[in-house]
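Chemist: I would like to see how this sequence folds:
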Amino acid sequence: MTIHRDFFSSIFSERPKKILEAGCGPALFSIHLSKLGYECVAIDRDPKILELARKNNQKFGGNVRFIKADIERLPLRDAEFDLSFSQGVFEHYSDREIRRMIDEQLRISKKVLFSVPHFFYLHKDFGNERLLPKWRWEKILRGYSVAESRCYYPLRRKKTLFLKLPQMYMAKIQLCASR
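Modeler: Numbers count the residues shown, from 1 in each chain. Below you'll find the predicted structure:
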């Protein structure tokens with residue numbers, strides 16, 4: 001998880017008590033956070049993925065509660081969480097879908113933090129990722145109260161020996177009175 005040190009630092013800086021991981025996949029982030037004492041709930045819409053996440057939770061001694069749900073229609077109360085986060089989820093959706101997911105996460109939490117592979121990411125893990133540069137993500141996020149927008153985890157490649165290229169992008173969006 002060294003690659004996501006900056007992402008975790010951003011989570012910790014919020015000092016959240018109750019956290020939602022939206023689109024949890026194997027739930028390794030939530031499991032790690034639960035072991036640090038955070039109250040974590042993780043959702044995913046795929047029952048097979050949730051079964052894997054539950055097994056990981058047991059295997060690694062986590063204390064995560066799992067819910068089968070779609071990020072665009074969360075079966076959760078308004079303002080139930082301090083922070084909602086996702087890692088490696090939004091790059092699989094259209095701009096419109098991303099905004100709907102952010103709106104829904106802002107309904108249930110004070111802040112939304114997400115991380116996605118950057119335009120310079122070395123490869124596509126699932127084949128359908130939209131690898132976008134920072135400016136393109138910022139365009140998608142126009143109209144939101146963005147507290148943080150930055151690239152992280154720069155790497156050197158053989159072709160760009162003298163240039164470190166960012167591999168990840170993250171943004172933190174806070175609830176705004178005008179939305």
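Chemist: could you say which helix or strand contains the residue lying closest to Asp78 once chain neighbours are set aside?
Modeler: The shortest distance from Asp78 to any non-neighbouring residue, by CB to CB, 6 or more residues apart in numbering, is to Arg107 (5.7 Å). Backbone N, C-alpha and C define where each C-beta goes, glycine included. Using DSSP states H and E, the element containing Arg107 is helix 95-108.
Chemist: what's the spacing between that helix and its chain's center?
Modeler: 12 Å (CA atoms, centre = their mean, to the nearest Å).
Chemist: Can you name the residues in contact with it?
Modeler: Defining contact as CB atoms under 8 Å, 6 or more residues apart in numbering, one finds that helix 95-108 is touched by 20, 22, 71-74, 76-81, 84, 86, 89-90, 93, 112, 140-141, 144, 173, 175, 179.
Chemist: In helices only, show me the residues you listed.
Modeler: If you go by DSSP state H, these have Ile140 in helices.
Chemist: Would you list the buried entries among the contacts of helix 95-108?
Modeler: Buried members of those, scored by 16 or more other CB atoms under 10 Å, are 20, 22, 71, 74, 76, 81, 84, 86, 89-90, 93, 112, 140-141, 144, 173.
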